[in-house]
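>>> Provide a 3D model corresponding to the input given below.
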Amino acid sequence: MPMLSSRTRTSITGAITGAIPGAIFAPRIAPLRAGRVWPLAALLLLGGCEAGSGTFPSLALRPAERAFAPGGDAAAAPTGGAAAIGQPDHRMQKQITALHDQAVHADGAFALRATEADHLAHAAHGTDVGSEAWAAATTAMASLDSARSDTAVFLGDLDAMRVHMAVTAAQSGTPDDAATYRELVHADDAVAALVAAQDARIAALRQEIEN
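Model (predicted):
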């Protein structure tokens with residue numbers, strides 16, 4: 001998957017912070033993660049023309065770079081008082097929760113397939129390529145890859161919402177938008193951790209079969 005250069009990421013981030021003085025935060029941008037959808041780049045870059053900035057879901061990657069200000073953290077949300085804490089948008093909160101819960105459900109299905117694949121991988125360990133045990137384990141791994149993709153779909157949705165909300169919150173500077181962004185960061189990071197764990201398990205099982 002192609003990656004945007006660090007120079008491009010820096011210019012995008014600088015545009016956001018420079019074009020929106022007084023914004024609550026200016027989300028910093030991290031490296032591209034596999035599985036992001038490139039067409040979203042065009043959408044967000046076009047939207048950025050209105051504020052002299054642009055960004056792309058793949059740039060908001062784990063570990064989260066979610067500072068509202070240099071040295072700050074989105075989860076902490078430095079503000080001027082209790083009245084400025086803000087409340088997440090109710091409609092978006094429901095969407096975020098639904099996507100997170102669906103990802104957790106998909107991860108449960110992945111775990112069941114992983115258990116089966118684990119037994120077959122052990123049985124195939126040391127066997128020849130093309131053997132019956134090897135074929136059974138390879139088929140199980142294909143099923144496991146499919147289950148991983150089911151979880152990643154929800155991660156992609158959260159990624160896109162996260163970056164869109166990052167730009168919205170930076171432009172509006174309102175506590176409510178900042179609170180909504182924080183909720184997205186928490187859900188997105190949690191689902192990203194699930195997918196990362198799935199990737200690690202798939203890699204371990206493949207190594208078991210190949211050795």
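>>> which residues in the protein form strands?
Secondary structure of the chain (DSSP state E): no strands located.
>>> what is the lengthiest helix in the chain packed up against?
Criterion DSSP state H: the longest helix present in the chain is helix 132-172. In this structure, helix 132-172 packs against helix 6-19, helix 39-48, helix 90-124, helix 175-210, with contacts taken as 3 or more CB pairs under 8 Å, 6 or more residues apart in numbering; DSSP states H and E. For glycine as for every other residue, the C-beta is placed from the backbone atoms N, C-alpha and C.
>>> now it and helix 90-124, what's the angle there?
160 degrees (axes from the mean of the first three to the mean of the last three CA atoms, to 10 degrees).
>>> name the spans of the protein whose pLDDT lies under the cut-off.
For the chain, the stretches with pLDDT under 70 are 1-84.
>>> 50 instead, please
Where the chain drops to pLDDT under 50, the residues are 1-83.
>>> ok, back up a step: deepest in the core, which of the helices and strands packed on helix 132-172 is it.
helix 175-210 (a mean of 19; mean count of other CB atoms under 10 Å).
>>> helices and strands around it, which ones?
helix 90-124, helix 132-172.
>>> how about JSON lines for the helices and strands packed on helix 132-172, with distance to residue 142 added?
Listed next are the helices and strands packed on helix 132-172 as JSON lines, based on distance: least, CB to CB, whole Å:
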{"stretch": "helix 6-19", "distance to residue 142": "35"}
{"stretch": "helix 39-48", "distance to residue 142": "27"}
{"stretch": "helix 90-124", "distance to residue 142": "9"}
{"stretch": "helix 175-210", "distance to residue 142": "11"}
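>>> so which of the ones you listed is nearest residue 164?
helix 39-48 (6.8 Å; CB to CB).
>>> from residue 148, how far off is residue 211?
21 Å (CB to CB, to the nearest Å).
>>> now residue 116
On the measure of CB to CB, residue 116 and residue 148 end up 14 Å apart.
>>> CSV for the helices and strands packed on helix 175-210, including distance to residue 191?
Putting the helices and strands packed on helix 175-210 into CSV (distance: least, CB to CB, whole Å) gives the following:
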stretch, distance to residue 191
helix 90-124, 4
helix 132-172, 5
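>>> indicate which one of those helices is closest to residue 186.
helix 90-124 (8.6 Å).
>>> and the closest one, what does it pack onto?
Partner elements for helix 90-124 (3+ CB pairs under 8 Å, 6+ apart): helix 132-172, helix 175-210.
>>> reformat these into a markdown table and put distance to residue 112 next to each item.
Putting the helices and strands packed on helix 90-124 into a markdown table (distance: least, CB to CB, whole Å) gives the following:
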| stretch | distance to residue 112 |
| --- | --- |
| helix 132-172 | 8 |
| helix 175-210 | 12 |
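>>> list the contacts for the closest residue to residue 93 other than its chain neighbours?
In space, and not counting its chain neighbours, residue 93 is closest to residue 183: 6.1 Å by CB to CB, 6 or more residues apart in numbering. By CB atoms under 8 Å, 6 or more residues apart in numbering, the residues touching residue 183 are 88, 92, 93, 96.
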